[in-house]
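Visitor: build me a model:
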Amino acid sequence: MFSGIIASSGVAIGNAFVLKEVEIQISDGVLDNSEVEADITRFKHARDRTVEQLEAIRDKTAGKLGEEEAEVFEGHILVATDEELEEEVVSAIRALKPADAALNEAIQANVSMLEELDDPYLRERVADIKDVGRRMLKNLLGIPVTSLEEVDEGSIVIADDLTPSDTSQIDLDRVWGFVTNVGGRTSHSAIMARSLELPAIVGAKVATDRIQNGDRVVLDAINNKVLINPDASALDYYRTLQKQLDEERRELAKLKDLSCETLDGKAFEVCANIGTVKDVEGADRHGAEGVGLYRTEFLFMDRTHMPTEEEQFEAYRAVAEAVNGNPVIIRTLDIGGDKELPYLDLPQELNPFLGWRAIRMCFDKPEILNTQLRAIFRASAFGKLKIMFPMVISVEEARRLKAMVGAVKAELSGEGVSFDDNVEVGIMVETPAAVMIADLLIEEVDFFSIGTNDLTQYVLAVDRGNEMIADLYDPMAPAVLRSIKRVIDCSHKAGKWTGMCGEMAGDERAALILAGFGLDEFSMSATSIPKVKKVLREQRYTDLQGLADQVLSQLTTEDVQATLDAFIG
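Guide: Below is the predicted model:
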């Protein structure tokens with residue numbers, strides 16, 4: 001048994017699928033003439049094995065998700081069976097290059113050629129060629145091919161880490177939870193786990209060392225335990241616990257259509273954080289009153305080029321229409337820090353979280369933000385959209401962003417394009433700078449949304465991805481709580497509102513304090529909405545205000561928690 005950090009609560013029992021990415025070593029020698037035919041045969045066998053695997057994945061995908069979703073694998077099969085690719089590889093082998101080196105060289109040549117083309121469709125095939133090439137090389141070298149596309153039903157995925165693109169491929173019919181060596185509650189794999197409603201433990205450090213493929217695993221993301229090959233009594237206990245949790249979920253589901261309102265009538269707006277339009281279904285199922293954070297960076301990831309205005313417009317319109325008239329706050333591109341785009345060639349920085357990210361990058365590359373703003377405003381004709389800019393630290397930046405918004409609106413008006421002229425524009429408050437001048441910034445915008453994931457690390461000077469100081473990262477620290485209260489007070493004094501889209505908003509204990517502070521909107525992973533609704537509906541707002549006053553007078557984080565414990569009883 002071992003533990004880590006609970007990323008997404010729940011209990012799962014299944015068989016381990018260990019996802020280990022093996023480094024492929026390419027041969028650097030030359031063949032003897034007597035080896036040429038054998039290497040050609042090896043290459044063809046690897047290609048045929050690759051095609052068999054891709055056909056199996058295609059058929060499985062078609063059966064579960066439909067023919068349209070399976071079409072992508074038809075393209076992969078075409079890449080693997082391409083006659084020109086075979087000719088290039090065979091020719092190189094006849095020139096005494098080992099089969100793996102010949103195949104790798106041919107793949108890289110095709111990738112480089114397509115990356116130079118202007119045709120967006122052909123450029124998009126780069127990722128397909130890389131994926132298929134890596135699969136063929138593994139088959140050629142006898143390296144087991146592991147992929148989340150091939151997970152058996154009832155699997156617990158065990159990995160060093162999962163990227164956003166990895167987690168987006170998870171089939172919920174087959175994957176019942178995951179455990180990773182690295183990560184924290186605010187890592188993207190953790191956020192995605194909550195979005196997918198998958199039990200998950202991250203930052204476990206030893207998961208891939210201790211767990212073997214096929215091991216029976218109990219993932220207890222309630223009590224922070226991972227059990228390997230447990231005995232019958234332990235399995236019985238966890239099956240009973242699963243039934244209890246299912247019953248609790250059914251009870252919470254009854255709150256779906258009820259407002260988030262205290263016993264004495266104080267109402268709060270509860271919204272969901274989403275990454276794609278597919279997340280809207282879960283948000284609606286859990287009773288979200290809108291989208292408080294649409295992370296648009298997922299539109300830009302897992303692709304080989306910047307999404308076009310039309311592609312972005314279709315994505316934003318789809319969300320605007322899916323929420324049925326509820327508000328959607330779209331955060332503009334927030335790349336940098338722990339999120340990279342391979343086609344942007346971001347610089348290697350010593351302190352990327354303090355570096356060239358978010359609006360800083362967009363100011364230097366205004367065409368990125370202009371394209372995104374055009375797409376958002378065009379989509380605003382189809383729903384109630386709002387715009388939120390990340391990493392604003394000064395009045396100058398706020399004014400510059402407003403000017404860019406004004407220019408885009410004027411441009412669209414001149415083109416006769418329909419859009420909502422009253423789209424609210426706000427900023428994320430996630431730096432000490434923004435907290436200190438909140439009274440000045442609120443005069444420039446329509447609303448604030450507090451990003452507690454970054455705000456906590458910046459206020460406390462604690463890297464939220466550094467496991468050595470993870471115990472210092474605590475949004476309940478007095479310095480963070482006082483920062484939050486100041487931001488809310490400044491917005492209210494100006495007659496405006498403040499929301500929160502950081503993970504703290506979905507913590508039902510923290511929600512009691514935040515409500516007492518007067519936070520207007522809570523935006524969180526959809527699964528947290530019923531729990532936050534439940535705790536706030538059981539309280540009086542006057543009591544929560546009293547709790548907030550008590551908390552603000554505490555000197556230490558431990559005192560804050562003790563005060564909260566005493567209030568909850």
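
Visitor: for Lys20, phi and psi?
Guide: Its backbone dihedrals place Lys20 at phi -120, psi 120, with angles given as degrees, to the nearest 10.

Visitor: Asn213 against Ala16, yeah?
Guide: Yes - using C-beta atoms under 8 Å, Asn213 is in contact with Ala16, at 6.0 Å. All C-beta spots, glycine's among them, are computed from the backbone N, C-alpha and C.

Visitor: ok, the two, which is more surrounded?
Guide: Neighbour count, other C-beta atoms under 10 Å: between Asn213 and Ala16, Ala16 has more, with 24 against 14.

Visitor: next one, pLDDT for the nearest residue in space to that one that is not next to it in sequence please.
Guide: The shortest distance from Ala16 to any non-neighbouring residue, by C-beta to C-beta, 6 or more residues apart in numbering, is to Asp215 (4.3 Å). Asp215 carries a pLDDT value of 96.

Visitor: which residues does Asp215 contact?
Guide: Listed by C-beta atoms under 8 Å, 6 or more residues apart in numbering, the contact partners of Asp215 are 15-16, 228-229.

Visitor: hmm, 10 Å instead?
Guide: Counting by C-beta atoms under 10 Å, 6 or more residues apart in numbering, Asp215 touches 14-18, 156, 158, 227-229.

Visitor: can I get the buried part of those residues as one PyMOL selection?
Guide: Of these, the buried ones can be selected in PyMOL as follows, counting by 16 or more other C-beta atoms under 10 Å:
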select buried, resi 14+15+16+17+18+156+158+227
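
Visitor: nearest to Asp454, of the contacts of Asp215?
Guide: Within the set of those, Ile158 lies nearest Asp454; the separation is 29.0 Å, counting by C-beta to C-beta.

Visitor: residue contacts, the closest one?
Guide: 16-20, 177-181, 204, 207-213, 215, 217, 219, 226.

Visitor: weed out the non-buried ones from these.
Guide: The neighbour-count test (16+ other C-beta under 10 Å) applied to those identifies 16-19, 177-181, 204, 207-208, 210-211, 215, 217, 219, 226 as buried.

Visitor: now do the shared contacts for Asn213 and Ala16.
Guide: If you check Asn213 and Ala16 against C-beta under 10 Å, 6+ apart, the residues they both contact are 155, 158.

Visitor: so which residues of the stretch 451-569 of the chain form strands?
Guide: In the stretch 451-569 of the chain, the segments counted as strands under DSSP state E, counting those that start in this stretch are 497-500, 521-524.

Visitor: of all these, which one is nearest Val79?
Guide: Closest to Val79 of the strands of the stretch 451-569 of the chain, according to C-beta to C-beta: strand 521-524, at 40.8 Å.

Visitor: show me what that closest one is packed up against.
Guide: Contacts of strand 521-524 with other secondary structure elements, assessed using 3 or more C-beta pairs under 10 Å, 6 or more residues apart in numbering; DSSP states H and E, are made with strand 267-274, strand 291-295, strand 327-331, strand 447-450, strand 497-500, helix 508-517, helix 529-537.

Visitor: what mean pLDDT does stretch 515-524 have?
Guide: Across stretch 515-524, the average pLDDT comes to 97.

Visitor: can you show me the CA trace of that stretch as CSV?
Guide: Taking Å, rounded to 0.1, in the frame of the first residue of the first chain, the C-alpha atoms of stretch 515-524 are listed here in CSV:
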residue,chain,number,x,y,z
ALA,A,515,-19.3,32.6,1.1
GLY,A,516,-18.8,34.5,4.3
PHE,A,517,-16.3,36.7,2.5
GLY,A,518,-19.2,37.5,0.0
LEU,A,519,-17.8,35.7,-3.0
ASP,A,520,-20.5,36.0,-5.7
GLU,A,521,-19.7,33.1,-8.0
PHE,A,522,-18.1,29.7,-7.4
SER,A,523,-16.7,27.9,-10.5
MET,A,524,-15.3,24.4,-10.1
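
Visitor: now the strands of the stretch 451-569 of the chain in CSV, with mean neighbour count and distance to Ala470?
Guide: As requested, the strands of the stretch 451-569 of the chain are arranged in CSV below (neighbours: other C-beta atoms under 10 Å; distance: least, C-beta to C-beta, whole Å):
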stretch, mean neighbour count, distance to Ala470
strand 497-500, 26, 22
strand 521-524, 28, 21
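
Visitor: nearest to Arg42, of the ones you listed?
Guide: When these are compared by C-beta to C-beta, strand 521-524 sits nearest Arg42, at 52.4 Å.

Visitor: follow-up on the earlier one: let's see which of the buried ones among the contacts of Ile158 end up in strands.
Guide: With DSSP state E as the criterion, strands contain 16-19, 177-180, 217, 219, 226 from among those.

Visitor: domain map for this protein?
Guide: The record, using automatic domain parsing to delimit domains, assigns the chain the ranges 5-20+148-251, 33-141, 265-568.

Visitor: wait, which of those is closest to Ser27?
Guide: Within the domains of the chain, the stretch nearest Ser27 is domain 33-141; the backing value is 4.0 Å (C-beta to C-beta).

Visitor: off-centre distance for the closest one?
Guide: In terms of C-alpha atoms, centre = their mean, to the nearest Å, the centre of domain 33-141 is set 29 Å apart from its chain centre.

Visitor: now do the end-to-end distance for that domain.
Guide: Criterion C-alpha to C-alpha, to the nearest Å; first-to-last residue distance in domain 33-141 is 20 Å.

Visitor: one more: stretch 201-217?
Guide: Here stretch 201-217 reaches across 12 Å from its first residue to its last, counting by C-alpha to C-alpha.

Visitor: need the three-state assignment for His76.
Guide: His76 falls in the helix class when you classify it by DSSP: H, G, I helix; E, B strand; the rest coil.

Visitor: show me where pLDDT drops low in the stretch 401-550 of the chain?
Guide: Across the stretch 401-550 of the chain, the ranges flagged by pLDDT under 70 are 465, 467.

Visitor: where do the helices of it begin and end?
Guide: In the stretch 401-550 of the chain, the segments counted as helices under DSSP state H, counting those that start in this stretch are 432-436, 438-441, 452-460, 478-493, 508-517, 529-537, 541-552.

Visitor: pull out the buried residues from the last one.
Guide: This means helix 541-552. Of all the residues in helix 541-552, those buried under the rule 16+ other C-beta under 10 Å are 541, 544, 547-548, 550-552.

Visitor: tabulate the residues you listed in a markdown table, adding columns for distance to Gly325.
Guide: Below are the buried residues of helix 541-552 laid out as a markdown table (distance: C-beta to C-beta, whole Å):
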| residue | distance to Gly325 |
| --- | --- |
| Tyr541 | 27 |
| Leu544 | 30 |
| Leu547 | 34 |
| Ala548 | 33 |
| Gln550 | 39 |
| Val551 | 36 |
| Leu552 | 37 |
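
Visitor: report how many residues lie close to Arg133.
Guide: Arg isn't right for residue 133; it's Gly. By the criterion of other C-beta under 10 Å, Gly133 has 21 neighbours.
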